[in-house]
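J.: Have a look at this prediction, sequence included:
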Amino acid sequence: MRDRRDDYHTIRVSNLTEEATEDDMNDLFRRFGRLARVFVSRDKDTGLCRGFAFVSFVMLEDAQRAIEKVNGFGYDNLILRVEMAEKRKEV
């Protein structure tokens, strides 16, 4: 049985630079706990980061700790905003 994305605890990271990568997000967040998935939103034409990413943790406590520690953190000359991601609405 495959894991479902809804089984993970996902945070949204906003105010990223265009140069942000999945490796950057892994480096920043893996110290808080086991990561299940990292997704950096990219512009389909340029391939540059669109300013936000989603980082999914296996454990809720790890996601909450990451929010507490990284929200408001200066990164690449910008102040990050980190919060729990809203669950996708089913159509």
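T.: Received, thanks.
J.: Could you use CA atoms for every contact and neighbour count after this?
T.: OK.
J.: Show me the shaky parts of the protein.
T.: Within the chain, the ranges that satisfy pLDDT under 70 run 1-6, 88-91.
J.: hey, where'd the strands end up in it?
T.: 9-14, 35-42, 49-57, 74-75, 78-79, 81-84 (DSSP state E).
J.: Can you list the strands that the longest one pairs with?
T.: Looking at strand 49-57 with DSSP bridges, its partner strands are strand 9-14 (antiparallel), strand 35-42 (antiparallel).
J.: Give the buried residues for the last one.
T.: By that I understand strand 35-42. 35-38, 40-42 (16 or more other C-alpha atoms under 10 Å).
J.: circling back to that earlier point, quick one: the strands paired with strand 49-57 as a markdown table, columns for distance to residue 63 too.
T.: Listed next are those as a markdown table, based on distance: least, C-alpha to C-alpha, whole Å:
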| stretch | distance to residue 63 |
| --- | --- |
| strand 9-14 | 6 |
| strand 35-42 | 9 |
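J.: Which among the strands of the chain is found nearest to residue 68?
T.: strand 81-84 (8.4 Å; C-alpha to C-alpha).
J.: Now do the closest one: distance to the chain's middle.
T.: Put simply, strand 81-84 sits 8 Å off its chain's centre (C-alpha atoms, centre = their mean, to the nearest Å).
J.: For that strand, output the C-alpha coordinates as CSV.
T.: In CSV, the C-alpha atoms belonging to strand 81-84 read as follows (Å, rounded to 0.1, in the frame of the first residue of the first chain):
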residue,chain,number,x,y,z
ARG,A,81,7.2,32.7,6.6
VAL,A,82,6.5,29.1,7.7
GLU,A,83,3.1,27.7,8.6
MET,A,84,1.0,24.5,8.4
